[in-house]
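Participant: give me a 3D structure for the following:
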Amino acid sequence: MLARRLVLGAVAAGALVFGGSARAAIELKINGLHAPDHALSMTHDFFAERVEQLTNGEIKLDVHHARGLGDAVESVQSIRNGTIAFFTVSAANLSQVDPRIDMFSLPFLFKNAKHYWWYLTSERGRNFVKPLEEKGIVVLGFMDSGARSFFAKEEITDPAKLAGKKIRTMASPVQIAMMEAFGGTGVPVAWGELYNALQTGVVDGAENNPPSIRSMKFYEVTKVLVLNEHARIPDILIASKRVMDRLTPKQREAIFQAGREAEAFMRGAWAADEKASLAFLKSLPNFKVIENVDKKPFLEKVSALLDREAKRLGVEEEVKYLLETQKNF
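Facilitator: Numbering: from 1, shown residues only. Sure thing, here's the model as predicted:
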């Protein structure tokens with residue numbers, strides 16, 4: 001009898017062990033494009049921590065930085081097929097999925113940072129990206145990525161300086177058209193391949209923000225950043241709908257909450273990173289930062305493009321709304 005009780009006790013103990021294993025945390029992958037010290041990478045770490053806390057440990061995130069699970073275009077596809085659960089991508093790179101989202105790539109669409117965030121945090125802004133769910137992508141929040149400006153080996157202080165220049169763009173038809181309107185040639189290059197493309201002359205320059213130039217060390221292969229701020233393209237924290245559909249309603253709500261908190265966290269982290277990165281670039285002996293650039297010549301070059309591309313993308317009303325509301329900022 002004693003032996004039988006010991007055996008039953010051992011079986012029960014084993015059941016507890018394996019039962020605990022069956023209830024182990026769900027591990028989901030999140031990919032990022034930037035180095036660990038970039039504001040967006042730190043936001044991913046924050047998001048992962050909050051998801052674990054808000055789900056009481058039911059979900060844990062396996063965080064990958066510096067394109068550990070692939071570059072932008074590849075990762076968007078991985079989100080759609082459920083290979084990875086979360087990713088932050090520029091809205092421009094979502095044009096491959098929903099051409100309407102390329103509206104964000106239009107130059108001078110937002111007057112300034114206040115106008116930009118006013119729209120992104122509005123119900124109208126949230127509803128604009130909601131159709132991505134039909135393509136397998138759930139939007140969790142907008143991530144700040146500042147204003148985009150030209151950096152190259154030569155000063156691009158005027159559209160005339162772009163004549164004959166090959167400028168890196170994302171996989172965005174609007175960005176390529178914008179570069180043509182400015183007078184240059186847009187060349188799509190993957191983010192992880194840009195350093196080499198600049199170094200070898202495949203492209204003559206690119207356009208992005210100070211934190212990205214610092215974190216990717218593009219200052220080693222270019223000489224000047226011209227702060228003409230021709231576009232503000234948001235990054236978007238996205239989730240795989242396939243993955244989200246497998247979670248409980250409570251778990252999904254926790255992830256949405258973590259996304260909203262990550263959006264707020266990133267705004268603060270971005271402001272600090274942008275200020276520090278700009279100061280760093282200014283301190284470099286062989287790199288020049290040109291501020292207070294006259295934006296009017298750039299704006300004049302793309303005024304017709306705004307109307308043409310808005311019509312092509314089917315977002316005429318949205319673009320009209322954004323251009324009209326600029327006067328309030």
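
Participant: C-alpha from now on. contacts and neighbour counts both.
Facilitator: Fine.

Participant: pretty sure Ala206 is in a strand, no?
Facilitator: Yes - with DSSP: H, G, I helix; E, B strand; the rest coil as the criterion, Ala206 is located in a strand.

Participant: tally of neighbours for it?
Facilitator: Counted with other C-alpha atoms under 10 Å, residues neighbouring Ala206 total 26.

Participant: so it touches Phe150, yeah?
Facilitator: Yes - under the criterion of C-alpha atoms under 8 Å, Ala206 makes contact with Phe150 at 5.8 Å.

Participant: partner residues bridging the nearest residue to Arg148 once chain neighbours are set aside?
Facilitator: Leaving aside its chain neighbours, Arg148 sits nearest to Asn208 (4.4 Å; criterion: C-alpha to C-alpha, 6 or more residues apart in numbering). Using DSSP bridges, the beta-bridge partners of Asn208 come out as Ser149.

Participant: state the distance from Asn208 to Glu274.
Facilitator: 12 Å (C-alpha to C-alpha, to the nearest Å).

Participant: the more surrounded of those two?
Facilitator: Asn208 (23 against 20).

Participant: which residues of the stretch 1-150 of the chain fall in strands?
Facilitator: 26-31, 59-64, 86-90, 137-143, 148-152 (DSSP state E, counting those that start in this stretch).

Participant: next: the stretch 201-329 of the chain.
Facilitator: 205-208, 224-231, 235-240, 288-290.

Participant: what's the closest of these to Gly268?
Facilitator: Across those, the minimum distance to Gly268, taken as C-alpha to C-alpha, is reached by strand 235-240, at 14.8 Å.

Participant: dump the strands of the stretch 201-329 of the chain to TSV, plus mean pLDDT and distance to Arg100.
Facilitator: Supplementary listing: the strands of the stretch 201-329 of the chain in TSV, determined by pLDDT from 0 to 100; distance: least, C-alpha to C-alpha, whole Å:
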stretch	mean pLDDT	distance to Arg100
strand 205-208	98	22
strand 224-231	98	17
strand 235-240	98	14
strand 288-290	98	33
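
Participant: okay if I get these as CSV plus distance to Asp45?
Facilitator: Converted to CSV, the strands of the stretch 201-329 of the chain look like this (distance: least, C-alpha to C-alpha, whole Å):
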stretch, distance to Asp45
strand 205-208, 23
strand 224-231, 27
strand 235-240, 13
strand 288-290, 31
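
Participant: list the contacts of the closest residue to Tyr116 other than its chain neighbours.
Facilitator: Distances taken as C-alpha to C-alpha, 6+ apart place Phe110 nearest to Tyr116, at 5.5 Å, with adjacent residues excluded. By C-alpha atoms under 8 Å, 6 or more residues apart in numbering, Phe110 lies in contact with 116, 231-232, 322-323, 326.

Participant: list phi and psi for Phe110.
Facilitator: With angles defined as degrees, to the nearest 10, Phe110 sits at phi -110, psi 140.

Participant: pLDDT at it, what is it?
Facilitator: Phe110 carries a pLDDT value of 98.

Participant: what separation do you get for it and Asp307?
Facilitator: Distance from Phe110 to Asp307, counting by C-alpha to C-alpha: 15 Å.

Participant: low-confidence ranges in this protein?
Facilitator: 1-23 (pLDDT under 70).

Participant: tell me the domain ranges of it?
Facilitator: 16-145+234-278, 148-232+284-328 (automatic domain parsing).

Participant: give the contact list for Gly164.
Facilitator: So Gly164 contacts 183-185 (C-alpha under 8 Å, 6+ apart).

Participant: could you redo the last one with a cut-off of 10 Å?
Facilitator: By C-alpha atoms under 10 Å, 6 or more residues apart in numbering, Gly164 lies in contact with 183-185, 204.

Participant: please, a ChimeraX command that selects the buried ones among these?
Facilitator: Buried members of those, defined by 16 or more other C-alpha atoms under 10 Å, are picked up in ChimeraX with:
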select :183,184,185,204
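
Participant: quick check: bridge partners of the residue nearest to the spatial centre of the chain?
Facilitator: Taking C-alpha atoms, centre = their mean, the centroid of the chain lies closest to Asp235, which sits 2.7 Å from it. Asp235 has these beta-bridge partners by DSSP bridges: Ser90, Met143.

Participant: one more: the one 4 residues further on?
Facilitator: In this structure, Ala239 bridges to Phe86, Val138 when assessed by DSSP bridges.

Participant: rewinding a little: which residues does the residue nearest to Arg148 contact?
Facilitator: Counting by C-alpha under 10 Å, 6+ apart, Asn208 has contacts 145-151, 168-169, 225, 227, 229-233.

Participant: the residue nearest to the centre of the chain touches Thr88, doesn't it?
Facilitator: Yes - here Asp235 reaches Thr88: they are 6.3 Å apart, a contact under C-alpha atoms under 10 Å.

Participant: kindly list the longest helix within the protein.
Facilitator: Longest helix in the chain, counting residues (DSSP state H): helix 249-283.

Participant: what residues sit buried inside that helix?
Facilitator: Using 16+ other C-alpha under 10 Å as the burial criterion, the residues of helix 249-283 that qualify are 251-252, 254-267, 269-270, 273-274, 277-278, 281-282.
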